[in-house]
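# Generate a structure from the sequence data that follows.
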Amino acid sequence: MALPLVAVVGRPNVGKSTFVNKIAQSNDAIVHEMRGVTRDRSYHEADWNGVHFMLVDTGGIEVSTDDDFQKSIRAQAYEAKDQADIILFMVDGRSGVQTDDEEVARLLKRTGKPVFLLVNKLDDPSAEAELWEYYPLGLGEPWPVSSVHGHGTGDLLDAIVDAIRDAGLDKEEADTPAVNIAIIGRPNAGKSSLTNKMTSGERSIVSPVAGTTRDAIDTLVEHDGQLYRIVDTAGLRQKSKITESVEYFGFVRAMRAIDRADVAVLVIDGTLGVTNEDQRVANYAAERGCGLVVVLNKWDIVEGPEAKEKVRFDLEDELVFVSYAPVVAISALTGKGVERVWKAVKEAFQDYSSTLPTARLNRWLAEIQETGHTVTRGKTVLRIKYVTQTGTCPPQLTFFCNRPDVVTDNYERFLENRLRKAFSLTGTPVRFKFKKKD
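Numbers count the residues shown, from 1 in each chain. Below is the predicted model of the structure:
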């Protein structure tokens, strides 16, 4: 059974993300004084008195604006409201009731779901006497809270847990194993469009404006009987070019998503080809040891076979350090080729988590030694006794030898190339370790 969803909704800058971080005891939701920082809805697991639930942080709702971008944020907040089992409607206790608050309150009363009215930023308990102003919203008794200091959150959580139990939503969820996929790439390459196609819904906000996604947001989907947790990340660009502090926070979230990914899907804009930023992002994934699939997006608008051949040639040359990654050409906008992305991710994860039989590994090693190819330093000759796999995700091989100190980078690359020819290691890096054995 899925965890009960508790959505936090309200106008921009009333303290929703700060509240979510306080309750979830994390810093996953980006907090900034700028309006509109939270754009997509993001999910954060929390528990109180042994009851687990999922907090949904949403973008600020501004009913009275006609801005196209704000409409997308508003749609995401509305969808979170529709999905939620319990709704926390947050207002600003310093600014009082606003027109947008009244409009949202009318909307929430029609849902028929439990709604808690939170009056935030009441850091001074004496200010609670002013709560009479919020009763006309028609959502019951207001709950005075302070997202920053945590004032009032204990009693509120008790009431939320009671509502979860009353609705029969407090059954413990079994730990669901899922393959973690991070959709990565530089800004405006089409990551959110690909995420939406892979999740069969408008889960992420899509906009032609570079840098739309700032939080790394999770979606759990099932494909061919396997669960996948897909994380759409903020566009990664060179840190020296990151000027807004909010964008930097998004960069940090994206790096965290790569850290916990089993497979990273690097989305490259096929109309621009491989850039320095693409190389840098691929290197992030390689350094952190996750599987990798390269996606050439917007392939349908790359004009002519010669242009496509040049893009592929450049990709092979400039991403040679991750040559193990399969390359899939798609159009995320139309969905053409997306099924091949699933196939490549599945194969990459299988090899990323695979175990190579020790007997086969040592037969492979014996064949290499028969060729006489080894490393020497003066009179010292490297002699490898045997090899075994000592880790997975990614595969790690330990070679027991007489002189680990004479092993060179070139010899490691030679071993890796020969290993990939003998074993299926598509889409996964491999790690080598050399230990002394007399």
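# make it CA atoms for all contacts and neighbour counts henceforth
Fine.
# Straight-line length of stretch 221-228, end to end?
5 Å (Cα to Cα, to the nearest Å).
# Need the contact partners of that stretch.
Residues from elsewhere that reach stretch 221-228 (Cα atoms under 8 Å, 6 or more residues apart in numbering): 177-181, 199, 220, 229-230.
# Relative to the whole chain's centre, how far out is stretch 218-226?
14 Å (Cα atoms, centre = their mean, to the nearest Å).
# which of the residues in that stretch are buried?
Buried residues in stretch 218-226, counted by 16 or more other Cα atoms under 10 Å: 218-219, 221.
# which residues of the stretch 201-350 of the chain score low on pLDDT?
201-217, 234-256 (pLDDT under 70).
# A strand includes residue 300, no?
No. Counting by DSSP: H, G, I helix; E, B strand; the rest coil, one finds residue 300 to be helix, located in no strand.
# need the buried residues of stretch 218-226 in TSV with secondary structure and distance to residue 331, can you?
TSV is the format used below for those (DSSP: H, G, I helix; E, B strand; the rest coil; distance: Cα to Cα, whole Å):
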residue	secondary structure	distance to residue 331
218	strand	22
219	strand	21
221	strand	21
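# Using JSON lines, please lay out those residues together with distance to residue 10.
Compiled in JSON lines, these are given as follows (distance: Cα to Cα, whole Å):
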{"residue": "218", "distance to residue 10": "21"}
{"residue": "219", "distance to residue 10": "22"}
{"residue": "221", "distance to residue 10": "28"}
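# Identify, from these, the entry nearest to residue 433.
residue 218 (34.1 Å; Cα to Cα).
# pretty sure the closest one is touching residue 229, no?
Yes. Look at residue 218 against residue 229 with Cα atoms under 8 Å: they come within range, at 6.4 Å.
# any chance you could map the helices in the stretch 301-438 of the chain?
Ranges of helices in the stretch 301-438 of the chain, per DSSP state H, counting those that start in this stretch, are 305-318, 338-352, 358-370, 409-422.
# Out of those helices, indicate the one that is most buried.
Counting by mean count of other Cα atoms under 10 Å, helix 338-352 has the highest mean neighbour count of the helices of the stretch 301-438 of the chain, with a mean of 20.
# ranges for the helices of the stretch 101-250 of the chain?
Under DSSP H, counting those that start in this stretch, the stretch 101-250 of the chain gives helices at 153-166, 191-199, 245-259.
# Just want the angle from the shortest one to helix 338-352.
Right, helix 191-199. 90 degrees (axes from the mean of the first three to the mean of the last three Cα atoms, to 10 degrees).
# So which other helices or strands are in contact with helix 191-199?
strand 179-184, strand 226-232, helix 338-352 (3 or more Cα pairs under 8 Å, 6 or more residues apart in numbering; DSSP states H and E).
# can you redo the ones you listed as CSV with distance to residue 107?
CSV is the format used below for the helices and strands packed on helix 191-199 (distance: least, Cα to Cα, whole Å):
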stretch, distance to residue 107
strand 179-184, 34
strand 226-232, 29
helix 338-352, 37
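# so which of these gets nearest residue 167?
Set against residue 167 and scored by Cα to Cα, these come closest in strand 226-232, at 27.0 Å.
# Hey, what's the angle from the closest one to helix 191-199? Just curious.
Using the same axes, to 10 degrees: strand 226-232 against helix 191-199 is 160 degrees.
# Given strand 226-232, what are its sheet partners and their directions?
Paired neighbours of strand 226-232 in the sheet (DSSP bridges): strand 179-184 (parallel), strand 217-223 (antiparallel).
# distance between the longest one and the chain's centre?
When you say that, I think you mean strand 217-223. With Cα atoms, centre = their mean as the basis, strand 217-223 stands 10 Å off its chain's centre.
# cool, the first one as well?
Its chain's average C-alpha position is 6 Å from that of strand 179-184, according to Cα atoms, centre = their mean.
# Report the backbone C-alpha coordinates of it in PDB.
Once non-C-alpha atoms are left out, strand 179-184 reads as follows in PDB (Å, rounded to 0.1, in the frame of the first residue of the first chain):
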ATOM      1  CA  VAL A 179      15.800   1.000  -9.900                       C
ATOM      2  CA  ASN A 180      16.900   4.600  -9.500                       C
ATOM      3  CA  ILE A 181      17.100   6.600 -12.700                       C
ATOM      4  CA  ALA A 182      18.500  10.100 -12.800                       C
ATOM      5  CA  ILE A 183      17.600  12.200 -15.900                       C
ATOM      6  CA  ILE A 184      20.600  14.500 -16.300                       C
END
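# Quick one: mean pLDDT over that strand.
Mean per-residue pLDDT for strand 179-184: 91.
# Check stretch 380-389 too.
Computed over stretch 380-389, the average pLDDT equals 93.
# how long is that stretch end to end?
By Cα to Cα, one end of stretch 380-389 lies 26 Å from the other end.
# how about that stretch: buried residues?
For stretch 380-389, using 16+ other Cα under 10 Å, the buried residues are 382-384, 386-389.
# Just flag the most distant two among the residues you listed.
Maximum distance among the buried residues of stretch 380-389 (Cα to Cα): 19.8 Å, for 382 and 389.
# Distance-wise, check the closest residue to residue 333 other than its chain neighbours relative to residue 381.
In space, and not counting its chain neighbours, residue 333 is closest to residue 193: 6.2 Å by Cα to Cα, 6 or more residues apart in numbering. Counting by Cα to Cα, the separation of residue 193 from residue 381 is 54 Å.
# same thing with residue 429?
Distance from residue 429 to residue 381, by Cα to Cα: 28 Å.
# now residue 306
According to Cα to Cα, residue 306 and residue 381 sit 49 Å apart.
# What of residue 421?
On the measure of Cα to Cα, residue 421 and residue 381 end up 25 Å apart.
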